[in-house]
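> turn this into a model:
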Amino acid sequence: MIDVATLEAMIPQALLALDIDWPGARTSGKVRESFGLPAARRLFVTTDRLSAFDVVLAALPYKGQVLNELSAFWFAQTADIIANHLLDVPDPNVSLVRACRPLPVEVIVRGYITGSTRTALWTLYAEGQRDIYGYTFPDGLEKNDPLPDPIITPTTKAGPGEHDERLTCAEVVERGLLDAATWDAVQEAALAIFRRGQAMAAAAGFCLVDTKYEFGWAPDGALLLIDEVHTPDSSRFWRADTMKDAQPDQWDKEYVRLWYAQQGYRGDGPRPDLPPATVAEAARRYIALYEGLTGREFIPGAYPAEPRIASVLAAYLASS
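Residues are numbered from 1 along each chain as shown. Now for the predicted structure:
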């Protein structure tokens, strides 16, 4: 396991951006670069950038590798539930995937009643509401309790600086976002993947609190699981033995968000500088979560990453 001091020393070498001349279609996101290839394929490069509050907050060493390799692990673990877009992992930060068209709905699966924002499940429940997002909740739940059964709260993808629109499951079909058969298939797959993730997290001493899944259509119309799966960016993992603490121990990007909240920053006004030791500890937790969930030792990829990734991209373009 890499120690915090080593990770702190690696911060200046973290993969922030890719200065690569690419002849095809390229899309840049907050944490991922996507490069178009012939034959309905794409290359995803996952960087070390950490985003929250709709901005990039820091660069965690090896974060991109953790997300890339952990997603590949989960795609393999859930391939019996639903097909996915992954074809190959030619580099620790790079995935070759099938091009697909994302569904207009993102799927949030929640296993616990928690949260502190105005629209969070626990906030609404504590205010006395029992019918929330199309579900009826029993009396007697306490903050951070497991729900009787995991629930799905779908969203539409918001634009920059906006909050995701929250929907009920019924509204997905009523508004014509998806037909009933497709939405039923998505919900069935999402709940099965989540339950498997919960079981594997529990075996590693963690609780999978909630997560976001994205699905897409392949060119032939097949439904695919896409994006990333059960990573510390897309999911909340808390230490199981701290679930009843006032502040459960976070092993995901909420660890960094919590640091900002403790400084009084929640996305508005001047942003305090994140201490290198906090960045390194967040990176250590990402790596430790990877090792706990997969049962594998984390083998760091080589820095500097950009020249190596450029050669991988050039090789795939030449072979297309």
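> how about the strands in the stretch 201-320 of the chain?
206-217, 223-226, 235-239 (DSSP state E, counting those that start in this stretch).
> out of these, which is closest to Ala246?
strand 235-239 (12.6 Å; C-beta to C-beta). Bear in mind the C-beta positions are built from the backbone N, C-alpha and C, glycine included.
> count of residues packed around Val209?
Residues near Val209, counting by other C-beta atoms under 10 Å, number 24.
> pLDDT score assigned to it?
Looking at Val209, its pLDDT is 98.
> so what's it closest to, chain neighbours aside?
Arg236 (4.1 Å; C-beta to C-beta, 6 or more residues apart in numbering).
> identify whichever of the strands of the stretch 201-320 of the chain lies nearest to Leu313.
That would be strand 223-226 among those, by C-beta to C-beta, at 20.1 Å.
> now for the closest one, which elements pack on it?
helix 180-203, strand 206-217 (3 or more C-beta pairs under 8 Å, 6 or more residues apart in numbering; DSSP states H and E).
> to Tyr260, which of those lies closest?
Nearest to Tyr260, of all the helices and strands packed on strand 223-226, is strand 206-217, at 19.2 Å by C-beta to C-beta.
> what strands flank that closest one, and is each parallel or antiparallel?
Next to strand 206-217 in the sheet, as set by DSSP bridges, lie strand 101-102 (antiparallel), strand 107-113 (antiparallel), strand 223-226 (antiparallel), strand 235-239 (antiparallel).
> any chance of a markdown table for the ones you listed, columns distance to Ala315 and mean neighbour count?
Formatted as a markdown table, those follow (distance: least, C-beta to C-beta, whole Å; neighbours: other C-beta atoms under 10 Å):
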| stretch | distance to Ala315 | mean neighbour count |
| --- | --- | --- |
| strand 101-102 | 27 | 13 |
| strand 107-113 | 35 | 22 |
| strand 223-226 | 24 | 22 |
| strand 235-239 | 32 | 23 |
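> any chance of those in CSV, with distance to Ile299 too?
CSV is the format used below for these (distance: least, C-beta to C-beta, whole Å):
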stretch, distance to Ile299
strand 101-102, 31
strand 107-113, 30
strand 223-226, 25
strand 235-239, 21
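> nearest to Lys212, out of those?
strand 107-113 (5.5 Å).
> got TSV for the strands of the stretch 201-320 of the chain, with distance to Cys100 too?
Formatted as TSV, the strands of the stretch 201-320 of the chain follow (distance: least, C-beta to C-beta, whole Å):
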stretch	distance to Cys100
strand 206-217	4
strand 223-226	6
strand 235-239	21
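> deepest-packed of the helices and strands packed on strand 223-226, please.
strand 206-217 (a mean of 22; mean count of other C-beta atoms under 10 Å).
> before we move on, back to that, my read: the residue nearest to Val209 touches Ala201, true?
No. At 10.4 Å, Arg236 and Ala201 do not qualify as touching, with contact defined as C-beta atoms under 8 Å.
> now do the shared contacts for the two.
Residues touching both Arg236 and Ala201 (C-beta atoms under 8 Å, 6 or more residues apart in numbering): Leu208.
> which of the helices and strands packed on strand 223-226 sits closest to Gly36?
It is, among the helices and strands packed on strand 223-226 and with distance given as C-beta to C-beta, strand 206-217, at 15.1 Å.
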